[in-house]
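Asks: Take a look and give me a structure for this.
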Amino acid sequence: MKFVLKNLFRRKLRTLFSVLGVGIGVSIMVALFTISDDLVGQISEAFETQRGDLVVTQATAEELESDIPLYHMDEIRALEGVQTVTPMIAAFLRTENDFDDRPAILYYGITGDNPVLAHMQMVEGQPVSDDDPYGVVFGEHAYEILREKMGDKVPKVGQTLNLLDVVTSEGFEQVFGRPDNWDQMSEQGKQWWALIRLTTELGIHQDAIEEESSEAYEARTGRKAPPRRPTHPLTGMRMDDAQYTKWLKDTYDIDYDAADPVYAWKMKLQLTTRGVCRTGIMIQDSAVWFHLKVAQVLKGKHARTETVKVKEGRKLVEKQVEVPESCTNYIVIMKRDGISEEQLETNILKAREYINVNMRELRAIKSADILQRHKELDFFEQFGLVISLVAALAGAVGILNTMTLTVYERTREIGLLLAVGWSRGRVLSSVMLEGLLLSILGGLMGVAFGYAEVQAAREWFSMDALSGALNIKRSLHAVGLAFGIGFLASLYPAIRASLMEPIDALRHE
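Replies: Next up is the predicted model:
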């Protein structure tokens with residue numbers, strides 16, 4: 001061993017570069033697989049924590065476009081072995097430009113029995129609750145973006161949250177876009193622009209920006225509701241507060257104070273910031289969490305009466321249609337107390353079969369099977385493997401080159417060792433050991449470099465949702481690969497050295 005170490009340190013610079021060659025290849029493997037495993041693990045965890053045992057969606061649509069009425073829930077609850085059926089909405093609020101590196105804001109609508117609540121760590125405030133359906137919970141990263149863009153105007157926990165204030169705030173100018181004449185618009189004009197933008201382009205239902213009903217006003221205030229705010233016959237815009245106050249006085253002799261927090265009309269959705277949560281899952285920590293009732297109104301999945309035009313003969317006539325409340329999917333959780341794993345699996349399969357056969361409008365999928373349908377995850381892992389192997393191959397070529405040159409330069413020395421009695425096996429093992437030491441040193445250095453690369457990705461590329469922990473399993477794989485690289489790359493030079501004839505080696509110049 002002393003002889004091998006002496007040979008390695010004889011040419012320190014060459015040894016260093018050989019170790020670096022292997023180390024860089026290994027570091028790429030460690031970093032890529034740590035990041036890919038972390039991201040895939042987060043997606044898997046998201047499915048496991050909020051998908052229960054079965055996910056039920058519309059049979060003819062993908063999940064985000066799914067629309068299933070809530071009246072199916074009672075039938076599913078009655079199935080053998082079913083403990084809970086909880087409705088859920090997952091949807092996007094479209095944006096003009098990126099919000100957290102994507103052109104949309106993800107939001108969820110859940111109820112108090114959703115399994116994801118058990119995995120929410122509250123940074124501040126309280127989680128989504130059935131007792132406070134108008135309370136909004138922000139993912140930690142989403143709230144950081146909100147604070148960065150709105151500054152002191154960010155809606156703090158316990159304060160009112162107005163969607164219009166967010167859309168029209170200066171910090172969100174790039175996210176939601178602005179018309180060219182924005183600076184010349186009045187405050188009322190900006191509000192109207194935001195209302196039209198939300199409902200016609202960003203995916204928010206018209207009912208989400210309406211004022212409360214007359215019945216809600218009277219129930220809240222105990223007074224008779226004033227006439228509704230008229231709209232302009234040409235623009236369709238409602239009167240602003242000043243115009244409405246004057247119109248009520250001139251037309252009905254009603255004194256109205258729009259600034260009165262008790263008696264003035266309120267928006268239908270009186271939202272408040274309820275809390276900030278951390279789930280440890282990147283996509284969820286960048287999302288906004290509403291109660292199902294609010295998300296239904298935002299997405300247009302609430303119960304309502306709509307006027308539609310239908311063709312009767314040669315004429316189009318308007319008819320009133322009752323639209324039932326709905327969601328994007330159900331999460332089905334099975335009973336577990338007092339039953340074996342085999343019985344649990346049997347109950348899951350029976351429930352799935354019943355839904356798929358007898359409820360043709362719906363499609364039930366085992367939560368554990370959902371990820372298998374996303375081939376992109378397999379591609380992501382395979383891509384990382386290919387890049388890592390290419391990098392490792394580059395390291396192997398470096399070791400092969402170094403060891404071949406070492407054997408060539410030390411031909412006379414090897415011949416002398418053979419002449420004084422060294423066996424061919426000892427020569428072979430010493431050369432092999434040099435290559436293996438270079439590779440193992442490179443592997444250990446690569447693990448350290450890979451860990452540093454993951455930390456750099458978290459800090460410099462805002463990938464702070466990564467766990468940042470060293471992936472021990474992948475690190476051992478990487479060191480094992482480095483060992484294999486050293487073995488294979490040293491094999492040819494070692495065999496060549498061991499097969500030399502002493503007399504020919506001593507004559508080598």
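Asks: ok, longest strand in the chain?
Replies: Longest strand in the chain, counting residues (DSSP state E): strand 82-99.
Asks: Could you list every helix and strand in contact with it?
Replies: Applying 3 or more Cβ pairs under 8 Å, 6 or more residues apart in numbering; DSSP states H and E, we find strand 82-99 packed against helix 73-77, strand 102-110, helix 173-176, helix 292-299, strand 326-327, strand 329-334. In short, each C-beta sits where N, CA and C put it, glycine included.
Asks: What segments of the stretch 151-300 of the chain are helices?
Replies: Taking DSSP state H, counting those that start in this stretch as the test, the helices found in the stretch 151-300 of the chain are 163-168, 173-176, 187-200, 214-221, 241-252, 282-285, 292-299.
Asks: Of all the ones you listed, which one comes closest to Leu316?
Replies: helix 187-200 (22.3 Å; Cβ to Cβ).
Asks: Does that closest one pack against any helices or strands, and if so which?
Replies: Short answer (3+ Cβ pairs under 8 Å, 6+ apart): helix 187-200 packs on helix 163-168.
Asks: how distant is the helix it packs on from the center of its chain?
Replies: 24 Å (Cα atoms, centre = their mean, to the nearest Å).
Asks: and it, what's its mean pLDDT?
Replies: Averaged across helix 163-168, pLDDT comes to 79.
Asks: Touching it from outside, list them.
Replies: 146, 150, 153, 155, 172, 176, 190-191, 193-195, 197-198, 204, 208-209, 269, 271 (Cβ atoms under 8 Å, 6 or more residues apart in numbering).
Asks: Pull out the buried members of the residues you listed.
Replies: In the contacts of helix 163-168, burial by neighbour count holds for 146, 150, 155, 172, 176, 190-191, 193-195, 197-198, 204, 208-209, 269, 271, counting by 16 or more other Cβ atoms under 10 Å.
Asks: May I see the buried residues of the longest strand of the chain?
Replies: Within strand 82-99, the residues scored as buried using 16+ other Cβ under 10 Å are 82, 84-93, 95-96, 99.
Asks: Reformat the residues you listed as JSON lines; add distance to Gly300.
Replies: Output for the buried residues of strand 82-99, formatted as JSON lines (distance: Cβ to Cβ, whole Å):
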{"residue": "Val82", "distance to Gly300": "28"}
{"residue": "Thr84", "distance to Gly300": "26"}
{"residue": "Val85", "distance to Gly300": "22"}
{"residue": "Thr86", "distance to Gly300": "20"}
{"residue": "Pro87", "distance to Gly300": "15"}
{"residue": "Met88", "distance to Gly300": "16"}
{"residue": "Ile89", "distance to Gly300": "11"}
{"residue": "Ala90", "distance to Gly300": "15"}
{"residue": "Ala91", "distance to Gly300": "10"}
{"residue": "Phe92", "distance to Gly300": "13"}
{"residue": "Leu93", "distance to Gly300": "13"}
{"residue": "Thr95", "distance to Gly300": "18"}
{"residue": "Glu96", "distance to Gly300": "21"}
{"residue": "Phe99", "distance to Gly300": "21"}
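Asks: Out of those residues, which is nearest to Trp460?
Replies: Nearest to Trp460 among these is Phe99, at 20.2 Å by Cβ to Cβ.
Asks: Return the alpha-carbon coordinates of stretch 432-448 using CSV.
Replies: In CSV, the C-alpha atoms belonging to stretch 432-448 read as follows (Å, rounded to 0.1, in the frame of the first residue of the first chain):
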residue,chain,number,x,y,z
MET,A,432,-5.3,-2.0,-10.0
LEU,A,433,-5.1,-0.7,-6.5
GLU,A,434,-3.9,2.7,-7.8
GLY,A,435,-6.8,3.0,-10.1
LEU,A,436,-9.3,1.9,-7.4
LEU,A,437,-7.9,4.5,-5.0
LEU,A,438,-8.2,7.2,-7.6
SER,A,439,-11.8,6.2,-8.2
ILE,A,440,-12.8,5.9,-4.6
LEU,A,441,-11.3,9.3,-3.8
GLY,A,442,-13.1,10.7,-6.8
GLY,A,443,-16.3,9.1,-5.6
LEU,A,444,-16.1,10.6,-2.1
MET,A,445,-15.2,14.0,-3.5
GLY,A,446,-18.1,13.7,-6.0
VAL,A,447,-20.6,13.0,-3.1
ALA,A,448,-19.4,16.2,-1.4
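Asks: of all the helices and strands packed on strand 82-99, which lies closest to Phe449?
Replies: Nearest of those (Cβ to Cβ): strand 102-110, 30.1 Å.
Asks: The closest one pairs with which strands, parallel or anti?
Replies: Paired strands of strand 102-110, with direction, are strand 82-99 (antiparallel), strand 288-291 (parallel) (DSSP bridges).
Asks: Output these as CSV; include the columns distance to Phe33.
Replies: Formatted as CSV, those follow (distance: least, Cβ to Cβ, whole Å):
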stretch, distance to Phe33
strand 82-99, 27
strand 288-291, 31
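Asks: Next, count neighbours for Gly158.
Replies: By the criterion of other Cβ atoms under 10 Å, Gly158 has 13 neighbours.
Asks: list the contacts for it?
Replies: By Cβ under 8 Å, 6+ apart, the neighbours of Gly158 are Gly125, Thr272, Thr273.
Asks: let's go with 10 Å and repeat that
Replies: Glu124, Gly125, Gln126, Gly135, Thr272, Thr273, Arg274, Gly275 (Cβ atoms under 10 Å, 6 or more residues apart in numbering).
Asks: Same question for Asp241.
Replies: Asp241 makes contacts with Gln188, Arg229, Tyr256, Asp257, Ala258, Ala259, Ala264, Trp265, as judged by Cβ under 10 Å, 6+ apart.
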